[in-house]
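Undergrad: below are the sequence and a predicted model; questions follow.
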Amino acid sequence: MTATRLRSCSPCTGTSTRRASSSRERSPTGSPIASSPSFSPASVSTPTPAPAPAGARLFDGATPATASVDDSSSVEVGMSFTVSAAGSATGIAFYRGSRNTGTHVGSLWDASGTRVAQVTFTGESASGWQSAAFASPVSLTPGARYTVSYLAPAGYYAATPSGLASPVTAGALTTASAPNGVYRYGSGGVMPTAAYNSTNYFVDVYFQAQG
């Protein structure tokens with residue numbers, strides 16, 4: 001899992017189709033005169049972003065060195081973290097490059113590899129941070145290690161090499177010690193545990209402290 005040269009790609013903004021309407025003018029003698037058709041743009045629907053989960057997260061506003069790594073294999077990528085205060089995980093966020101297509105499913109795992117929450121992302125934008133709330137908040141134990149991840153079915157995940165080499169802290173959240181920046185190739189459903197170069201794959205968790 002190494003970040004390679006970013007291939008520039010303008011964010012997809014959708015395409016519009018044009019409907020032609022033709023009017024026919026007539027000469028003084030009443031015969032039709034050919035005229036050029038006129039066009040009006042059809043409306044283009046854009047997805048409605050899902051409401052952001054409650055709480056704070058680690059990488060709010062951060063952007064990756066590479067938005068879409070040139071790797072088209074299906075892979076689950078994630079980040080391990082701990083909390084220093086009682087509270088709950090309310091949802092997941094990940095950074096999407098424009099080439100990272102398909103249905104994205106986020107998961108929260110405990111230290112034993114048991115998936116304790118799952119959510120499918122909806123209403124995604126073409127690129128940038130995406131977020132999804134769990135159906136119910138998940139209580140977290142202070143000091144315990146958890147992993148948050150998502151499946152990139154078409155690959156092209158975001159990455160910053162060595163981005164997790166040093167701890168990142170925001171409030172009660174802190175990235176866990178190495179190995180961190182985890183991944184697992186395949187169709188998902190199993191906690192990612194492989195790691196390379198402490199890569200930050202820009203997967204994040206929303207945490208709401210108790211009280």
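TA: The structure has been received and is ready for your questions. Numbering: from 1, shown residues only.
Undergrad: rest of the way, CA atoms for contacts and neighbours
TA: Fine.
Undergrad: remind me, longest strand of this structure?
TA: For the chain, the strand that runs over the most residues, judged by DSSP state E, is strand 128-140.
Undergrad: quick one: buried residues of that one?
TA: Within strand 128-140, the residues that qualify as buried are 128-134, 137-140, counting by 16 or more other C-alpha atoms under 10 Å.
Undergrad: output the contacting helices and strands for that strand.
TA: Where contact means 3 or more C-alpha pairs under 8 Å, 6 or more residues apart in numbering; DSSP states H and E, strand 128-140 is packed against strand 87-96, strand 115-120.
Undergrad: picking that back up, let me know the closest of the buried residues of strand 128-140 to Ser74.
TA: Each of these was scored against Ser74 by C-alpha to C-alpha, and Gln130 proved nearest at 18.5 Å.
Undergrad: for the protein, what are the low-confidence residue spans?
TA: Where the chain drops to pLDDT under 70, the residues are 1-50.
Undergrad: give me the most central residue, it.
TA: Centroid-nearest residue in the chain: Phe94, 3.6 Å away (criterion: C-alpha atoms, centre = their mean).
Undergrad: correct me if wrong: it contacts Ser131.
TA: Yes. The pair Phe94 and Ser131 qualifies as a contact (C-alpha atoms under 8 Å) at a distance of 6.7 Å.
Undergrad: pull the number of nearby residues for the nearest residue to Gln118 once chain neighbours are set aside.
TA: Nearest residue to Gln118, sequence neighbours excluded (C-alpha to C-alpha, 6 or more residues apart in numbering): Ser107, at 4.4 Å. Residues lying near Ser107 (other C-alpha atoms under 10 Å) number 25.
Undergrad: same deal with Ala93?
TA: 25.
Undergrad: check Pro167 too.
TA: Neighbours of Pro167 (other C-alpha under 10 Å): 12.
Undergrad: for it, what are its contacts?
TA: 174-177 (C-alpha atoms under 8 Å, 6 or more residues apart in numbering).
Undergrad: which two among the residues you listed are spaced furthest apart?
TA: Pairwise distances across the contacts of Pro167 (C-alpha to C-alpha) peak at 9.2 Å, for the pair Thr174 and Ser177.
Undergrad: return the residues in contact with Phe82.
TA: Wrong residue type there; residue 82 is Thr, not Phe. 142-146, 173-176.
Undergrad: rerun that using 6 Å as the cut-off
TA: By C-alpha atoms under 6 Å, 6 or more residues apart in numbering, Thr82 lies in contact with 143-145, 174, 176.
Undergrad: buried ones among the contacts of Pro167?
TA: Here, 16+ other C-alpha under 10 Å leaves 174-177 buried among those.
Undergrad: what's across from Thr147 in the sheet?
TA: Note on Thr147: beta-bridge partners by DSSP bridges are Ser80, Trp109.
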